[in-house]
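**Student:** For reference, the sequence and a predicted model appear below.
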Amino acid sequence: MSAKVVVIYSGGMDSFTVLNKAIQEGYDVYAVSFDYGQRHSKELEFASRVCKKHNIEHKVVDISTVNQLLSGSSLTDNIDVPEGHYEESSMKSTVVPNRNMMMLSMAVAYAVSIEAEAVYFGAHSGDHAIYPDCRTEFVEAMNAVCKIANYQAVEVRAPYLASSKIDILTDGLKLGLNYADTWTCYNGREKACGRCGACQERLEAFAENGVQDPLEYEA
């Protein structure tokens with residue numbers, strides 16, 4: 001019997017690559033997605049579609065009520081999503097307070113309940129400057145805590161922690177993955193905007209890999 005792992009699966013490029021990497025490594029994968037009131041909830045539709053395609057157990061957990069405790073993020077509040085490439089001065093508005101800690105905590109609880117050995121998530125080096133909960137010291141601290149928080153130790157794994165989005169896409173393309181099955185844009189409209197930081201970073205990754213992005217863009 002294969003070892004079980006839980007993958008925090010947003011439906012975006014990074015977690016999509018992590019999900020498929022875990023599958024190809026032979027793990028019995030359980031995916032969990034979180035609806036935290038993000039305006040780009042369209043990503044959850046992509047996540048569900050991929051999990052159905054792979055016949056993966058997939059839970060979508062509604063934690064949107066937590067927003068009564070949070071404010072100030074352009075991903076959840078009535079604040080315009082900044083445009084242009086990732087820059088700390090503008091992209092700080094996309095930080096959702098404590099997001100990864102909340103998600104990891106619940107995913108670890110799920111892992112304990114199904115006797116999974118680890119929780120995977122898609123933090124990468126391109127996020128380090130903007131998002132404190134994607135940095136190495138955060139992942140290492142969470143890993144240490146999650147090994148002692150329950151009778152069963154659960155490891156926190158971020159396989160692309162030292163990699164850029166360009167590197168992640170390179171790896172995914174080598175695995176033969178189809179990125180038409182992912183959604184990245186911070187705006188949840190019919191087509192990706194092509195202007196927000198998330199879109200800009202995605203488009204750069206495809207350009208650097210010499211591949212056409214399969215998603216349709218407004219601009």
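**Tutor:** That came through, no problem.

**Student:** pull the helix or strand with minimum mean pLDDT from this structure.
**Tutor:** Every helix and strand of the chain was ranked by mean pLDDT, DSSP states H and E. The lowest is helix 88-91, at a mean of 49.

**Student:** Can I get the helix or strand just after that helix as CSV, trimmed to CA atoms?
**Tutor:** For helix 88-91, the following helix or strand on the C-terminal side (DSSP states H and E) is helix 99-114. What follows is helix 99-114 as a C-alpha-only set of coordinates in CSV (Å, rounded to 0.1, in the frame of the first residue of the first chain):
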residue,chain,number,x,y,z
ARG,A,99,-3.1,32.3,5.3
ASN,A,100,-0.6,29.6,5.0
MET,A,101,-0.4,28.9,8.7
MET,A,102,-4.2,28.4,8.8
MET,A,103,-4.2,26.2,5.8
LEU,A,104,-1.3,24.1,6.9
SER,A,105,-2.8,23.7,10.4
MET,A,106,-6.1,22.3,8.9
ALA,A,107,-4.3,20.2,6.3
VAL,A,108,-2.1,18.7,9.0
ALA,A,109,-5.2,17.9,11.1
TYR,A,110,-6.6,16.1,8.0
ALA,A,111,-3.4,14.3,7.5
VAL,A,112,-3.5,13.0,11.1
SER,A,113,-7.1,11.8,10.6
ILE,A,114,-6.2,9.7,7.5
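
**Student:** And the helices in the chain?
**Tutor:** 13-24, 42-54, 88-91, 99-114, 136-146, 165-174, 197-208 (DSSP state H).

**Student:** Now the weakest link among these, please, by mean pLDDT.
**Tutor:** When these are compared on mean pLDDT, helix 88-91 scores lowest, with a mean of 49.

**Student:** Quote the end-to-end distance of stretch 123-131.
**Tutor:** Using Cα to Cα, to the nearest Å, the end-to-end distance of stretch 123-131 comes out at 9 Å.

**Student:** so how far is Gly11 from the nearest residue to Ser163 once chain neighbours are set aside?
**Tutor:** Computed as Cβ to Cβ, 6 or more residues apart in numbering, the closest residue to Ser163 that is not its neighbour in sequence is His124, at 5.4 Å. Where you see a C-beta, it was placed from the backbone N, CA and C, and this is true even at glycine. As defined by Cβ to Cβ, to the nearest Å, His124 lies at a distance of 16 Å from Gly11.

**Student:** neighbour-wise, which of these two wins?
**Tutor:** Gly11 (26 against 22; other Cβ atoms under 10 Å).

**Student:** List the contacts of that one.
**Tutor:** Ser33, Lys42, Glu43, Leu44, Glu45, Phe46, Ala47, Ser48, Val50, Thr182, Trp183 (Cβ atoms under 8 Å, 6 or more residues apart in numbering).

**Student:** the inter-axis angle of the lengthiest strand in the chain versus helix 13-24?
**Tutor:** Using DSSP state E to define each element, the chain has its longest strand at strand 28-35. With axes from the mean of the first three to the mean of the last three Cα atoms, to 10 degrees defining the directions, strand 28-35 sits at 160 degrees from helix 13-24.

**Student:** Just give the strands next to strand 28-35 in its sheet, each with its orientation.
**Tutor:** Strands that pair with strand 28-35, judged by DSSP bridges, come out as strand 4-8 (parallel), strand 57-62 (parallel).

**Student:** and the angle for that strand with helix 42-54?
**Tutor:** Calculated by the same axes, to 10 degrees, strand 28-35 forms an angle of 160 degrees with helix 42-54.
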